[in-house]
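Enquirer: heads up, no residue letters with this:
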């Protein structure tokens, strides 16, 4: 069975249809990417799944229906979103941001273990634990946003454009960590404009255009598809 099963998801802003009835399936432990051009509806899809915008259709997570549930209820069921633009709390310290990621948890000993784990994944965050998050570099803020999401022990991690605005070296570091997190068993749905990178690290991919899914399949096969190579890989 799919960990996440989406049927007929629609997201609209006023009279504008951003997502036009898409279906998605993600199995436990998969790293799946959603690629497509600007304005295709990728971020709106993640926002709909997280309950941040009104939507129609059915969203099931681990067999439970999430349609119509509030964002905090969805989060406590094991889904975390790292939004486009990172969404860190700039006036809080790095340590306080990480603590916010575990706000709904009461297993204090396990929280300390997870704090050590994210520091191991991102050593720079431990070095800057008392620094205001708003003073971090863009790459460090992205590290913090991912680490904060992991502090909630999500079963499904939604990543929205984690490479946006970052230098190539920082992108590589971020994606090395994303791959590590996936290997540790966290299921990931990755939205990414860098199709080459997304297809390289994912098992399966969906291609989204004008609010609809136009192609889907195994990532290595899609990476060799002439339409994908021409439209998204610059060939």
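Expert: Good, I have the coordinates. None of the values given here were measured: they were computed from a predicted structure. Numbering: from 1, shown residues only.

Enquirer: quick one, helices of this protein?
Expert: Assigned by DSSP state H, the helices in the chain fall at 42-49, 71-76, 94-101, 108-121, 123-127, 138-150, 168-183, 195-201, 219-224, 226-231.

Enquirer: any weak-confidence spans in the protein?
Expert: 234-235 (pLDDT under 70).

Enquirer: repeat that with 90
Expert: Scanning the chain for pLDDT under 90 picks out 1, 14-15, 68, 85-86, 104-105, 193-194, 227, 229-235.

Enquirer: now do the contacts for the most centrally placed residue in it.
Expert: Geometric centre of the chain, nearest residue: residue 159, 1.5 Å, by C-alpha atoms, centre = their mean. Residue 159 sits next to 82, 146, 178, 188, 189, 190, 191, 192 when contact means C-beta atoms under 8 Å, 6 or more residues apart in numbering. Just so you know, the C-beta spots here come from the backbone N, C-alpha and C atoms, and that holds for glycine as well.

Enquirer: restricted to strands, list these.
Expert: Secondary structure from DSSP state E places 82, 188, 189, 190, 191 of the contacts of residue 159 in strands.

Enquirer: neighbours of the first one, how many?
Expert: It refers to residue 82. Residue 82 sits with 27 neighbouring residues when counted by other C-beta atoms under 10 Å.

Enquirer: pretty sure it contacts residue 164?
Expert: No. Counting by C-beta atoms under 8 Å, residue 82 stays clear of residue 164, with 11.3 Å between them.

Enquirer: now distance to residue 45 too, for the ones in strands among the contacts of residue 159, in CSV please.
Expert: Shown next, in CSV, are those (distance: C-beta to C-beta, whole Å):
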residue, distance to residue 45
82, 14
188, 14
189, 9
190, 12
191, 7
